[in-house]
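> Dropping the sequence and predicted coords here.
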Amino acid sequence: MVRSTLFSLLIALLFVSNASGQTDLHKKAESGLRFHYQLIDGQNERFTLSERMDYYNVPGLSFAVVKNGKLEWANGYGIADSEKGSKVTPQTLFQAGSISKPIAALGVLKLVAQGKLDMDTTVTIYLDSSWQLPESKYLKKENVTIRRLLSHTAGVNVHGFLGYSHDLQVPSLIDVLNGEGNSPAIEVTMKPGKQWKYSGGGYQILQKVVENVSGMAFDQFMKNEVLVPLGMKNSTYTQPIPEDLRSDCSAAYNEKGEYVEGGWNTYPEQAAAGLWTTPSDLARYYLEMQAIMNGKQDGLIPKQLVEEMITPIQNNWGLGVMLENRGDSLVFGHGGKNIGFTNNMKGFANHGDALIVMTNGDRGFRLINEVMRSLSDTYLLYLMEVDPVKTNKTVVPDDVLDQYVGSYKFKGKNPYGNGDYVIKVSRVNQRFMVNDPQDDKRYTMTALSNSWFINLEEGHQLRFDSKKVVLNGRLKFKKLKQ
């Protein structure tokens, strides 16, 4: 009895210790957001997640951490829907934007595995009388194929889609393909296979192929063949999203943090941009792909197809995924942007680490990078780029700083449009604030020498002399008289 009691006490103490350790890691991640550029011999700022959400006008954020082949941590922060008064939880659904594509690619590859699609045969044999590729001079010697559509090398137009607000009629897939919605008709505008060009339009052709070959609506096929088998129970490609799921959805917010009228836009372009999901569900996508690469025999698709998926074709893109090298390891992932939603995900191909971050704000991209850096630092994932290191030993004299303050006019024709291109430089202690009207942003510049300043968030650089300034090593501005 005493032995049993002692054993139970030991287990309880271990649980408390582990829980305390997890809490410490969580707090570290939530308060360790940082810029990409870091300084030697200088003060490097760290921020809390709430501080940066406020800074970027992003009301809500959710993430998932995959570590050593398991879902390590998932959490939600902030407001999901200000009109309903709901908060973000790990179960809150976000629009995935273009993250829809790598998941859709799995559905296509499953049809390949079943022998129903050939990756390198002309795609026209999988189309029907309801829609065929428009005639094009570029199709005389080369074909549009499944492989080329998946890898953005098919020469197909239409980069992305705007979606449809609540007061607009939503077109059918055939309408989208024919350009009868708010996007151009989808057609071949370059020689297939010649070069890489990102194409959401190409994924709409794939959506049509999947429907024709499977005999099912795209959203139903993806539910049956991909989402349910992967355990992605909080995900759907159905557009508009069904009423019974809407209470779990985040609303969309613009760059000012303002509610998008109607809550969100609807995207009939399901394969390209129509997925609603959560970071935890996207973590299951990574866990499956990583498990297959690690030898899982009964995976969603065979290992050979996963290997093809993560093999570069052009411009560091595989089949539905962007590829990066981290040391001697391969990383695959994809970003996503719909009106009012910004997301990113990346993970290793050969071992079980990954990060997924989703936000309900148009200004979420830089916030996501900062969150990913903090999570990668905290969990030792090594998924983010090694920081370029800068030195900050110089204290610039006040009279030198003062002579740089003023307005500077671009020397030559405005590369961004009509009118003058003028930036304004103001001083705050040892730093400058630069107002750039071209992107309507205000950058904080930190001194690296008496004449060289850098923005630690994005890497923008200014080099001064008494009468001119050079922005990012190429844009030359002349100082205007006061």
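Happy to help now that I have it.
> need the contact list for residue 378.
Contacts here follow CB atoms under 8 Å, 6 or more residues apart in numbering; on that basis residue 378 touches 25, 28, 29, 32. Using the backbone N, CA and C atoms, a C-beta is placed for each residue, glycine as well.
> Would you mind identifying the next helix or strand past the one helix or strand the second one maps to?
When elements are defined using DSSP states H and E, residue 28 is found to belong to helix 2-30. Under the assignment DSSP H and E, the closest C-terminal helix or strand after helix 2-30 is strand 38-40.
> Now do the buried residues in that following strand.
38, 39 (16 or more other CB atoms under 10 Å).
> Against which helices or strands is that strand packed?
strand 389-391 (3 or more CB pairs under 8 Å, 6 or more residues apart in numbering; DSSP states H and E).
> For the helix or strand following the strand it packs on, enumerate the helices and strands it packs against.
Per DSSP H and E, the first helix or strand lying C-terminal to strand 389-391 is helix 398-404. Under the contact criterion of 3+ CB pairs under 8 Å, 6+ apart, helix 398-404 touches strand 422-428.
> PyMOL command to pick out the buried ones of the contacts of residue 378?
Selecting only the buried entries of those in PyMOL, with 16+ other CB under 10 Å as the criterion:
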select buried, resi 25+29+32
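> Doesn't residue 224 lie inside a helix?
Yes: when classified by DSSP: H, G, I helix; E, B strand; the rest coil, residue 224 is found to be part of a helix.
> contacting residues around it?
Counting by CB under 8 Å, 6+ apart, the residues that residue 224 touches are residue 216.
> the helices in the stretch 51-200 of the chain, which residues?
Using DSSP state H, counting those that start in this stretch, the helices found in the stretch 51-200 of the chain span residues 100-113, 146-150, 173-177, 200-214.
> sorry, back to before: just the contacts of residue 378 now: which is nearest residue 273?
residue 29 (29.4 Å; CB to CB).
> what's the closest one in contact with, if anything?
With CB under 8 Å, 6+ apart, residue 29 has these contacts: 374, 375, 378, 379.
> rerun that using 7 Å as the cut-off
374, 375, 378 (CB atoms under 7 Å, 6 or more residues apart in numbering).
> In three-state terms, label residue 229 for me.
helix.
> Surely it and residue 301 touch.
No: in terms of CB atoms under 7 Å, residue 229 does not count as a neighbour of residue 301; the distance is 10.3 Å.
> Mind checking which of the two has more residues around it?
Shown here are residue 229 and residue 301; by other CB atoms under 10 Å, residue 301 has more neighbours (22 against 15).
> quick one, phi psi at that one?
phi -140, psi 160 (degrees, to the nearest 10).
> Take the helices of the stretch 51-200 of the chain and lay them out in JSON lines including mean pLDDT and mean neighbour count.
Formatted as JSON lines, the helices of the stretch 51-200 of the chain follow (pLDDT from 0 to 100; neighbours: other CB atoms under 10 Å):
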{"stretch": "helix 100-113", "mean pLDDT": "98", "mean neighbour count": "24"}
{"stretch": "helix 146-150", "mean pLDDT": "98", "mean neighbour count": "25"}
{"stretch": "helix 173-177", "mean pLDDT": "98", "mean neighbour count": "20"}
{"stretch": "helix 200-214", "mean pLDDT": "98", "mean neighbour count": "24"}
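> I'd like those as a markdown table, with distance to residue 36 appended.
Listed next are those as a markdown table, based on distance: least, CB to CB, whole Å:
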| stretch | distance to residue 36 |
| --- | --- |
| helix 100-113 | 24 |
| helix 146-150 | 31 |
| helix 173-177 | 37 |
| helix 200-214 | 28 |
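> Could you point out which of those helices sits nearest residue 347?
helix 100-113 (11.0 Å).
> quick one, domains of this protein?
94-379, 394-479 (automatic domain parsing).
> Now do the buried residues in stretch 384-392.
384, 390, 392.
> Oops, could you answer that again for stretch 305-324 instead?
Those would be 305-306, 308-310, 313, 317-323, for stretch 305-324 by 16+ other CB under 10 Å.
> What mean pLDDT does that stretch get?
The pLDDT scores in stretch 305-324 average 97.
> what about that stretch, how long is it end to end?
19 Å (CA to CA, to the nearest Å).
> from the middle of its chain, how far away would that stretch be?
Taking CA atoms, centre = their mean, to the nearest Å, one finds stretch 305-324 lying 16 Å from the centre of the chain it belongs to.
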